[in-house]
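A.B. asks: Build me a model:
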Amino acid sequence: MTYTSFEFFIIYFGATYVLYSILPKKAKWCVLLVSSLFFYFIATRGHIEYILISSIIIWLVGIIIQKFNDAFTEKKKLISKEERKKLKRKYHNYKLSALTVGILINISLLLVLKYANFFGSTINTLFDANLPKFSIVQPLGISFYTLQAISYITDVYRGKYKACKNPLKIALYLSFMLTIIEGPIARYDQLGTQLGEGKNFNFKNLVFGAQLVVWGLFKKVVIADRAADFVNNVFDDAKFNSGIIVLLAILIYTLQLYCDFSGIMDVVIGLGEMMGITLPENFTRPFFAKSINEFWQRWHITLGAFLRDYIFYPISLSKPFMKLSKNARNKFTPYYANLIPTAVALFFVWFANGMWHGAAWKYIVYGLYYYALMMIGLFAEPLSAKVCNRLKIDRKGKGFALFQMIRTFIIVNFGMLIFRADSLKTVGNAVKVIFTNPNFQTLSVGSKNGLGLDILDYIILILGTILILIVGIVQEKGIHIRDRISKLPFAVKFIIYMLSILIVIILGAYGEHYGAVDLLYANF
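C.D. replies: Sure thing, here's the model as predicted:
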């Protein structure tokens, strides 16, 4: 089941949208709940038990924490300041215990269902053990809804909002059909409250949402799914006979992954907009980033925000790290005194980033690759500034900004090699071939080049990439394209809409010449 299938648009979303639009406000969330659970039940072939367990657990934990919050609020009015401090510590410990239990249960489910065999194989390799391999069905979207579950109970614990009393609304928040497969990872105050409110039909939302859906389908069906044939044919042959083909495959995979993931985000955000539901942005033109840090502020934004708010800040504000910061200030310059504790906390963030993406060492290396490069950049920043001053390089000029974007793009593409390769050994083979056997002749052998694409496919990929680049440049300048289109005469708008739909239908990479392509991030 994918967000690009005919069945989803007509049977699931289509029927849901009609009912959601015509039923009273109070009943709208019930439509979403039934549709979401039914969609999840069909997509997982009945394996719905784990998401229901997570829903019940965080609902109970939220209610318990809220009771402690309310009890403290009532009692603190009747006691002295000194007694109030003791009572606050007491209830803080109660809340922390409940939160810890809730987090541990959800993390345990994730570790067992997604990582059990990875841990077992690692132990077997390191200690020559013989742990068995388990046959475990990994629940659809568990990496996404587990983070949402943790964010919910943590925010209730922090007093950001009150716990939801209705367990069915919590189940809807975790299982919502538009976010369950690939996110975005939404907080309860971003999504849960909207789902419970119910939105009235709005024609502008329908049109603007449909625009975004078509743009997302263009990126996914026309570009990403077409690029998949080339990438799979190259990486399925681990021998890598040509360095230039490997380089091209890395670039095309970067295009594929971006168009696949951001395209689906456009689709689900657009569908949400059609219903009046605003989902958080997950991409903001990441290839215009001038540094690794900025890239990850633009790529998979909701994952980065989760890691920042629920891993980086709690670690960096903990007592051991406050002590580390104090010691660093006594021994280093202000810049490095602030950087050293941050570097330690960021290690856990990037390790978690790698682990979240998959149960394999290559994903851990992928996360630590970015961590290492970011740390090199931060620790070398004072030296870099001095060198630029000596050479009279304008670090705020357009030329330097272009250099930074190209540098970041190269770094990201090597990261994509780690991400796509079947193993770290395959990464090593690819790098070796790139530097030892460029073999330019392979580019001109046959129209399909043995890589699944013909000349028309290459033309479509090139023109599609140029279009995406142009749209990105326009958006970077702060121009809202959808607003501009909405102000055009009706006849012009109609032509644009029809042409856009026809391009997706005619140029989409489906049918007998193309294989079915799953949503890439649904695997994570």
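
A.B. asks: just the helices in the stretch 201-350 of the chain please.
C.D. replies: For the stretch 201-350 of the chain, the helices defined by DSSP state H, counting those that start in this stretch occupy 203-217, 225-235, 243-274, 292-298, 301-307, 313-316, 319-331, 334-357.

A.B. asks: Compare those and give me the one nearest I376.
C.D. replies: helix 292-298 (9.7 Å; CB to CB). Any C-beta I mention is one placed from the backbone N, CA and C, and that applies to glycine too.

A.B. asks: Of all the residues in the closest one, which ones are buried?
C.D. replies: If you call a residue buried by 16 or more other CB atoms under 10 Å, then helix 292-298 has these buried ones: 292-293, 295-298.

A.B. asks: re earlier: can I get the helices of the stretch 201-350 of the chain in a markdown table including distance to F524 and mean pLDDT?
C.D. replies: A markdown table is the format used below for these (distance: least, CB to CB, whole Å; pLDDT from 0 to 100):
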| stretch | distance to F524 | mean pLDDT |
| --- | --- | --- |
| helix 203-217 | 19 | 96 |
| helix 225-235 | 16 | 91 |
| helix 243-274 | 10 | 96 |
| helix 292-298 | 16 | 96 |
| helix 301-307 | 10 | 98 |
| helix 313-316 | 23 | 94 |
| helix 319-331 | 29 | 89 |
| helix 334-357 | 5 | 94 |
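
A.B. asks: These into TSV, with extra columns for distance to V18?
C.D. replies: TSV is the format used below for these (distance: least, CB to CB, whole Å):
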stretch	distance to V18
helix 203-217	12
helix 225-235	28
helix 243-274	11
helix 292-298	36
helix 301-307	29
helix 313-316	43
helix 319-331	53
helix 334-357	36
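
A.B. asks: For this structure, just list every one of the strands.
C.D. replies: Using DSSP state E, the chain contains no strands.

A.B. asks: contacting residues for V268?
C.D. replies: Contacts for V268 (CB atoms under 8 Å, 6 or more residues apart in numbering) come out as 3, 178-179, 182, 184, 279.

A.B. asks: Can you tell me which of the buried residues of helix 292-298 is nearest Y335?
C.D. replies: Closest approach to Y335 among those (CB to CB): N293, at 15.9 Å.

A.B. asks: Skip the chain neighbours and tell me the closest residue to that closest one.
C.D. replies: Of all residues beyond its chain neighbours, the one nearest N293 is M374 (6.1 Å), with distances taken as CB to CB, 6 or more residues apart in numbering.

A.B. asks: wait, that neighbour sits on F295?
C.D. replies: No - using CB atoms under 8 Å, M374 makes no contact with F295, being 9.9 Å away.

A.B. asks: Can you give me the neighbour number for V427?
C.D. replies: For V427, the tally of surrounding residues (other CB atoms under 10 Å) stands at 19.

A.B. asks: Where does pLDDT dip in this structure?
C.D. replies: 1, 238, 441-450, 512-513, 515-516 (pLDDT under 70).

A.B. asks: among the helices of the stretch 201-350 of the chain, which is nearest K90?
C.D. replies: helix 319-331 (19.2 Å).

A.B. asks: wait, doesn't L461 sit right on A224?
C.D. replies: No - in this structure L461 lies outside contact range of A224 using CB under 8 Å: 10.0 Å.

A.B. asks: which one of the two has more residues nearby?
C.D. replies: A224 (27 against 21).

A.B. asks: Next, work out how far apart that one and A385 are.
C.D. replies: 39 Å (CB to CB, to the nearest Å).

A.B. asks: And for F351?
C.D. replies: 29 Å.

A.B. asks: mind listing the helices for the stretch 51-200 of the chain?
C.D. replies: 81-127, 142-158, 167-175, 193-197.

A.B. asks: Could you dump the ones you listed into JSON lines and include mean neighbour count?
C.D. replies: What follows is the helices of the stretch 51-200 of the chain, written out as JSON lines (neighbours: other CB atoms under 10 Å):
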{"stretch": "helix 81-127", "mean neighbour count": "15"}
{"stretch": "helix 142-158", "mean neighbour count": "23"}
{"stretch": "helix 167-175", "mean neighbour count": "23"}
{"stretch": "helix 193-197", "mean neighbour count": "18"}
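
A.B. asks: I'd like these laid out as JSON lines, including distance to Q211.
C.D. replies: Listed next are the helices of the stretch 51-200 of the chain as JSON lines, based on distance: least, CB to CB, whole Å:
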{"stretch": "helix 81-127", "distance to Q211": "36"}
{"stretch": "helix 142-158", "distance to Q211": "25"}
{"stretch": "helix 167-175", "distance to Q211": "27"}
{"stretch": "helix 193-197", "distance to Q211": "21"}
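
A.B. asks: nearest to T426, of the ones you listed?
C.D. replies: Among those, helix 81-127 comes nearest to T426, with 17.1 Å by CB to CB.

A.B. asks: neighbour-wise, which of F351 and A385 wins?
C.D. replies: Between F351 and A385, F351 has the larger neighbour count (other CB under 10 Å), namely 15 against 12.

A.B. asks: Okay, L104 and L110: tell me how far apart.
C.D. replies: Counting by CB to CB - L104 and L110 are separated by 11 Å.

A.B. asks: again with L417
C.D. replies: Counting by CB to CB, the gap from L417 to L110 is 27 Å.

A.B. asks: now the residue most central in space within the chain, nearest residue through space, not along the chain?
C.D. replies: Computing the C-alpha centroid of the chain and ranking residues by CA atoms, centre = their mean puts H300 first, at 3.7 Å. Among residues not flanking H300 along the chain, N282 sits closest, at 6.1 Å (CB to CB, 6+ apart).

A.B. asks: close enough to count as contact, that neighbour and S262?
C.D. replies: Yes - under the criterion of CB under 8 Å, N282 makes contact with S262 at 7.2 Å.

A.B. asks: any shared contact partners between the two?
C.D. replies: Going by CB under 8 Å, 6+ apart, no residue sits against N282 while also sitting against S262.

A.B. asks: if I pick the closest residue to L346 other than its chain neighbours, what's in contact with it?
C.D. replies: Closest residue in space to L346, ignoring its immediate chain neighbours: Y371 at 6.3 Å, by CB to CB, 6+ apart. By CB under 8 Å, 6+ apart, the residues touching Y371 are 346-347, 349-351.

A.B. asks: Please render those as a markdown table that adds distance to Q404 to the earlier fields.
C.D. replies: Shown next, in a markdown table, are those (distance: CB to CB, whole Å):
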| residue | distance to Q404 |
| --- | --- |
| L346 | 20 |
| F347 | 24 |
| V349 | 22 |
| W350 | 21 |
| F351 | 26 |
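
A.B. asks: Show me just the buried residues among those residues.
C.D. replies: 346-347, 349-350.

A.B. asks: Can you pick out the most distant pair from the residues you listed?
C.D. replies: F347 and V349 (7.2 Å).

A.B. asks: got the buried residues for stretch 42-53?
C.D. replies: Those would be 43-44, 48, 50-51, for stretch 42-53 by 16+ other CB under 10 Å.

A.B. asks: can you check stretch 321-337 too?
C.D. replies: Buried, per 16+ other CB under 10 Å, within stretch 321-337: 321, 324-325, 328, 337.

A.B. asks: Any figure for the gap between K239 and K432?
C.D. replies: 11 Å.

A.B. asks: For S486, give me its contacts.
C.D. replies: So S486 contacts 204, 207-208, 493 (CB under 8 Å, 6+ apart).

A.B. asks: Now tabulate those residues in a markdown table and tack on neighbour count and distance to Q256.
C.D. replies: Shown next, in a markdown table, are these (neighbours: other CB atoms under 10 Å; distance: CB to CB, whole Å):
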| residue | neighbour count | distance to Q256 |
| --- | --- | --- |
| K204 | 10 | 33 |
| V207 | 16 | 29 |
| F208 | 18 | 27 |
| K493 | 15 | 31 |
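
A.B. asks: from the residues you listed, which is closest to D394?
C.D. replies: Among the contacts of S486, and counting by CB to CB, the member closest to D394 is F208, at 40.2 Å.
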